[in-house]
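sequence first, then the predicted structure:
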Amino acid sequence: MASDIVMFEGDKHSLGFSQVISMNARNAVKILECNESNIRQAVEGKKADIILVSDRNPKDSLHFRRVGFDEVICRLANKKGIAFAFSFSSILNARDRALVMGRIMQAIRLCRKHGTRMCFASFARNKWEMRAPEELKAFARVFGMAPEEANEAVNAVEGILNERGRTGVRVLE
């Protein structure tokens, strides 16, 4: 079954998830929110198990979208077993949704090319931003993932928790 990550405490909708994980657990997998300037140190330092790619990147280049990481970082993350996470909440709350969605599509292409693990969760800030697992899978397919990749990306959180023997997640700044 799938697990979702939320960024708030209090009442949560289950929506068909096997578990809804809050962001501040004790025995936790570390999620590090990174932007373009500090993502390399996060991957090299092995501080995080999952890297949440920030959508606050500078202006895109003329020839490509700036997703926050490049092929070198993607290969390094694959080698170290670090997953890249994509937030549905960032799409929902974005001023320019098309730009954010284009960046996610570019990041998915990079991750697929280098075999880097991907995670797709809601990262909701309140219970109204939460989405069902089938909706998250549908959005992942819209962004260019194959159906089995989308299923694996939505289920990735639970897989990482089981691999590391942890029970929750902790989001670090």
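All right, it came through fine. Numbers count the residues shown, from 1 in each chain.

can you map out the strands along this structure?
Secondary structure of the chain (DSSP state E): strands at 3-5, 19-21, 28-34, 50-53, 83-87, 118-121, 168-172.

tell me which strands the fourth one pairs with, and in which orientation.
Counting by DSSP bridges, the strands paired with strand 50-53 are strand 28-34 (parallel), strand 83-87 (parallel).

deepest-packed of those, please.
strand 83-87 (a mean of 26; mean count of other C-beta atoms under 10 Å). (Glycine included, C-beta is placed from N, CA and C.)

tabulate the strands of the chain (CSV), appending distance to Cys74.
As requested, those are exported to CSV (distance: least, C-beta to C-beta, whole Å):
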stretch, distance to Cys74
strand 3-5, 22
strand 19-21, 25
strand 28-34, 13
strand 50-53, 11
strand 83-87, 8
strand 118-121, 11
strand 168-172, 21
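
among the strands paired with strand 50-53, which comes closest to Asn162?
Smallest distance to Asn162 across these (C-beta to C-beta): 10.3 Å, for strand 28-34.

got the CA positions of the closest one in CSV?
Output of strand 28-34 as CSV, limited to C-alpha atoms (Å, rounded to 0.1, in the frame of the first residue of the first chain):
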residue,chain,number,x,y,z
ALA,A,28,12.7,9.0,11.1
VAL,A,29,13.9,9.0,7.6
LYS,A,30,15.4,12.4,6.9
ILE,A,31,13.9,14.5,4.1
LEU,A,32,16.0,17.6,3.2
GLU,A,33,14.4,20.4,1.2
CYS,A,34,17.0,21.8,-1.2
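
in the protein, where is pLDDT below threshold?
The chain contains residues with pLDDT under 70 at 1, 25-26, 55-57, 62-63, 173.

chain center to stretch 17-26: distance?
15 Å (C-alpha atoms, centre = their mean, to the nearest Å).

just the C-alphas of it, formatted as CSV.
Taking Å, rounded to 0.1, in the frame of the first residue of the first chain, the C-alpha atoms of stretch 17-26 are listed here in CSV:
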residue,chain,number,x,y,z
PHE,A,17,-3.4,5.4,2.2
SER,A,18,-2.1,2.6,4.4
GLN,A,19,-0.5,5.3,6.6
VAL,A,20,-0.3,9.1,6.6
ILE,A,21,3.0,10.2,8.0
SER,A,22,3.5,13.5,9.8
MET,A,23,6.8,15.3,9.4
ASN,A,24,8.3,15.2,12.9
ALA,A,25,8.8,11.6,14.0
ARG,A,26,11.6,10.4,16.3
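
for that stretch, buried residues please.
Residues of stretch 17-26 classed as buried by neighbour count (16 or more other C-beta atoms under 10 Å): 17, 20-23.
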